[in-house]
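# Requesting a structural model of the entry that follows:
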Amino acid sequence: MEAQNAQRRSYQVVIAATRDMGIGIDMKLPWDLPNEFQFFQDVTSRTSDPRKTNATIMGRKSWEATPLEFRPLPDRLNVVLTRSNCHSIPTDDDNVMVCGSMESALELLAKPPYSFSIEKVFFIGGGELLRHYMNAPSCDAIHLTEVDITVPCDTFAPRVDTCLYHPWYSSLPVVENGIRYCFNTYVRRKDLIFGSGVEAEQYSFLPKMVFERHEEFGYLNLVQNIISNGDMNDNNTLLSKFGCQLRFNLRKTFPLLTTKKVFWVGVVEEILQLINGSTYPKEKGINHICESDKAKEYLDSFGVNATEEDGDHPLLTGLYWSYSDASQEFSQISDVINKIKNNPHDRGITLSACKLSISPCQTFAQFYVANGELSCQIYQSSTEASLGIPFSIAAYSLLTCIMAHVCDVVAGDFIHLIGDAHVNTSHTKAIQRQLQISQKPFPILKINPEKTKIDHLEASDLDLLDI
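Numbering: from 1, shown residues only. Got it, this is the predicted structure:
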């Protein structure tokens with residue numbers, strides 16, 4: 001992509017914009033966000049190779065709008081696009097280069113000496129140039145700070161073409177000087193080399209600080225920590241860590257892990273069965289959230305005749321989600337939905353999986369509403385890290401998205417608290433292989449907008465794009 005013999009360099013766009021994609025007024029930013037500016041500085045100036053620098057391409061108006069104390073941008077090659085003489089551009093400065101067009105700049109940067117000295121190329125505006133080059137074929141990624149305000153602007157950027165780009169990373173919302181915003185990176189969609197199992201393009205072209213913000217790293221770091229530093233049990237079969245937390249942003253993407261296969265059909269069937277109060281699995285082979293002999297005994301106490309033909313262990317969780325006791329007069333799911341819709345500031349929007357006395361693997365889920373967003377936190381007392389955690393991440397993220405959908409709010413965060421996270425020692429080699437796999441963008445979940453009642457949802461109403 002950025003080989004020395006390339007005819008033209010590719011680039012990445014770095015901008016901040018309002019809800020309406022406004023990026024400036026009277027040649028100034030319509031906000032004061034020091035942390036956002038620092039993010040811009042870090043992304044465009046940091047390099048993996050200390051012997052190299054990055055290049056920032058900008059139009060003449062963007063150059064002139066840059067405050068004098070930051071002009072030229074330090075530690076970067078400043079490439080200014082203009083077809084006219086401009087006295088404000090110091091042509092004798094080694095950190096400044098003038099080009100007549102974007103195409104000529106990219107061609108020049110692809111040739112020596114710049115092909116050897118420039119690591120990455122970033123395009124930072126302005127508005128007219130962004131309309132031509134933000135979604136252009138040579139643009140590999142867009143780093144867009146979405147500023148959650150609507151203010152008058154006279155300069156605008158186009159919206160990200162989601163047919164061409166897929167979210168790589170979206171930060172949790174940040175509030176600074178009373179303004180809410182988040183950092184987002186979109187990467188150009190990449191095709192696979194069919195039959196090879198190898199991607200035509202990896203995503204290592206991203207700045208290191210952005211690449212490593214992919215949320216799958218949280219899970220990978222956890223399993224790495226378990227196999228490297230976990231406590232060994234007495235018979236040397238399990239490694240475990242106590243008191244772990246994972247967090248996933250559900251606002252743009254869905255956290256179905258990309259470095260290992262997760263049984264998505266099983267996730268969907270499991271959650272829909274639990275929502276509907278099912279006590280038996282519909283298919284063989286589905287991993288269940290709460291299984292035990294005591295769970296079977298508890299179902300038997302209700303007169304439920306569970307047999308091996310129905311599955312190895314019937315589901316207790318579904319019964320508890322739908323009913324809190326044997327009288328079956330109270331539905332926890334309905335209560336949670338009612339509170340989210342009518343009393344969103346209730347601090348007790350909770351869902352209990354089963355009685356603590358039967359030592360379930362998952363005991364408690366709590367929902368939280370703020371800023372029109374629904375978040376969910378669960379606690380698992382014990383779970384297997386290689387298989388169980390990926391399944392639970394997907395299952396409870398799906399539940400959160402479904403609850404947000406039927407309550408007409410936006411899905412926010414999923415927080416996963418784990419008491420005992422463990423790995424079977426026989427799985428360590430497989431995990432080490434998994435740790436060598438490069439992450440891909442998470443898929444996007446689409447829920448049928450016509451289904452607004454939770455008990456009307458079917459598997460065909462839940463679609464994952466790009467899995």
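# Do you have the helices of the stretch 51-200 of the chain handy? List them.
Listed from the start of the chain, the stretch 51-200 of the chain has helices (DSSP state H, counting those that start in this stretch) covering 60-65, 102-109, 114-117, 127-133.
# correction: the stretch 251-400 of the chain
264-275, 293-301, 317-322, 332-342, 388-406.
# So for Tyr181, which of those helices sits nearest?
Distance to Tyr181, taken as Cβ to Cβ, is lowest for helix 388-406 among the helices of the stretch 251-400 of the chain, at 21.2 Å. To be clear about C-beta, it is placed using only N, CA and C from the backbone, and glycine gets the same treatment.
# now the closest one: how far from the chain's centre is it?
In terms of Cα atoms, centre = their mean, to the nearest Å, the centre of helix 388-406 is set 14 Å apart from its chain centre.
# Please apply the same query to stretch 35-42.
Centre-to-centre, stretch 35-42 and its host chain are 20 Å apart (Cα atoms, centre = their mean).
# what's the answer for stretch 203-212, then?
14 Å.
# what's the answer for stretch 40-48, then?
For stretch 40-48, the distance between its averaged C-alpha position and the chain's averaged C-alpha position is 21 Å (Cα atoms, centre = their mean).
# Just the buried positions in it, please.
40, 43-45, 47 (16 or more other Cβ atoms under 10 Å).
# is it true that Leu129 touches Lys61?
No - checked against Cβ atoms under 8 Å, the pair Leu129 and Lys61 is beyond contact range at 9.1 Å.
# Looking at these two, which is more packed in?
Comparing Leu129 with Lys61 by neighbour count (other Cβ atoms under 10 Å), the higher total belongs to Leu129, at 21 against 18.
# Show the contacting residues for the more buried one.
59, 81, 102, 123 (Cβ atoms under 8 Å, 6 or more residues apart in numbering).
# on that earlier part again, take the helices of the stretch 51-200 of the chain and lay them out in CSV including distance to Gln432 and mean pLDDT.
Written out in CSV, the entries for these read as follows (distance: least, Cβ to Cβ, whole Å; pLDDT from 0 to 100):
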stretch, distance to Gln432, mean pLDDT
helix 60-65, 47, 93
helix 102-109, 39, 97
helix 114-117, 36, 96
helix 127-133, 42, 95
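# would CSV of the ones you listed with distance to Asn236 be doable?
CSV is the format used below for the helices of the stretch 51-200 of the chain (distance: least, Cβ to Cβ, whole Å):
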stretch, distance to Asn236
helix 60-65, 62
helix 102-109, 56
helix 114-117, 52
helix 127-133, 58
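# Tell me which of those lies nearest to Phe391.
helix 127-133 (41.8 Å).
# List the buried residues of the closest one.
Residues 127, 129-130, 133 are the ones in helix 127-133 that count as buried (16+ other Cβ under 10 Å).
# Over to stretch 157-175?
For stretch 157-175, the buried set under the neighbour-count rule, 16+ other Cβ under 10 Å, comprises 157, 160, 165-171, 173-174.
# Identify, from the residues you listed, the entry nearest to Glu36.
Using Cβ to Cβ, the shortest approach to Glu36 within these belongs to Val174, at 8.1 Å.
# beta partners for the closest residue to the closest one other than its chain neighbours?
Nearest residue to Val174, sequence neighbours excluded (Cβ to Cβ, 6 or more residues apart in numbering): Tyr181, at 5.8 Å. Tyr181 has the following beta-bridge partners by DSSP bridges: Val147, Val174.
# Closest to Thr18 out of the buried residues of helix 127-133?
Thr18 has its nearest neighbour among the buried residues of helix 127-133 in Gly127, at 12.6 Å by Cβ to Cβ.
# What ranges in this structure fall below the confidence cut-off?
Residue ranges of the chain with pLDDT under 70: 1-6, 191-201, 278-330, 353-363, 467.
# Give me the domain ranges for it.
Residue ranges for the structural domains of the chain, counted by automatic domain parsing, are given in the record as 11-211, 216-465.
# check contacts around Leu435.
220, 223-224, 259.
# now for these, which pair is the farthest apart?
Within the contacts of Leu435, two members stand farthest from each other by Cβ to Cβ: Gln224 and Thr259, at 11.8 Å.
# Give me the subset of the contacts of Leu129 that lies in strands.
When strands are assigned by DSSP state E, the members of the contacts of Leu129 inside them are 59, 81, 123.
# Of those residues - the most surrounded one?
Among the ones in strands among the contacts of Leu129, Phe123 has the most neighbours (other Cβ under 10 Å), with 28 neighbours.
# That residue bridge partners, please.
When bridges are assigned using DSSP bridges, the partners listed for Phe123 are Val13, Ile57.
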